[in-house]
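S.K.: sequence first, predicted model second:
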Amino acid sequence: MEKVNLREKLAMISDHWNPRIVGELNGQHVKVVKFRGEFVWHDHTEEDEFFLVLRGSFRMEFHEKSVTLGEGEFIVVPRGVEHRPVAEQEVEVMLFEPAGIKHTGEVASDLTVRRFEWI
């Protein structure tokens, strides 16, 4: 039981689209990540995803609409819903996801992270 300083953890990250694990609870990983640019279209057949903006803003694209999120705002993407995060400028985000989630669902991409690192 130790505190986690998100600013310190995010300062350790210099790349984009590569979430790092900072905590775990009830089978869920708490991750921090920096986004910039466009991610791949994907979905998760078994898992919901939670995205909380810590700094900056980004747009979550769905086929039928887009939702822009700013600091202090979050969105839950339900399982089975295809989506793509897009960030014009660098954004810092916290994620809550099941520990076994595949980063890009069943889509293989250069952005796919196969093994998440703890920081």
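M.R.: That came through fine.
S.K.: in this protein, which residue is closest to the centre?
M.R.: Centroid check for the chain by CA atoms, centre = their mean gives L95 as the closest residue, at 4.8 Å.
S.K.: now do the SS call for the residue nearest to that residue when sequence neighbours are not counted.
M.R.: Nearest non-adjacent residue to L95, counting by CB to CB, 6 or more residues apart in numbering: K31, 4.3 Å away. C-beta: built from backbone N, CA, C; applies to glycine. Here K31 is recorded as strand under DSSP: H, G, I helix; E, B strand; the rest coil.
S.K.: quick one: what helix or strand has the residue nearest to the centre of the chain in it?
M.R.: Using DSSP states H and E, L95 sits in strand 84-98.
S.K.: that strand: how far from the chain's middle?
M.R.: Computed by CA atoms, centre = their mean, to the nearest Å, the chain-centroid distance of strand 84-98 equals 5 Å.
S.K.: what pairs with it, parallel or antiparallel?
M.R.: Sheet pairing of strand 84-98 (DSSP bridges) gives strand 28-38 (antiparallel), strand 49-55 (antiparallel), strand 58-61 (antiparallel).
S.K.: where does pLDDT dip in this protein?
M.R.: 104-109, 111-114 (pLDDT under 70).
S.K.: that older thread, now the residue nearest to the centre of the chain, which residues is it bridged with?
M.R.: K31, F51.
S.K.: check H83 too.
M.R.: H83 has these beta-bridge partners by DSSP bridges: H42.
S.K.: who are the contact partners of it?
M.R.: Shown in contact with H83 (CB atoms under 8 Å, 6 or more residues apart in numbering): 41-43, 60-62, 77.
S.K.: in CSV, list those residues along with neighbour count.
M.R.: Output for the contacts of H83, formatted as CSV (neighbours: other CB atoms under 10 Å):
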residue, neighbour count
W41, 15
H42, 17
D43, 18
M60, 19
E61, 17
F62, 13
V77, 19
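S.K.: which one of the residues you listed is nearest A87?
M.R.: M60 (10.1 Å; CB to CB).
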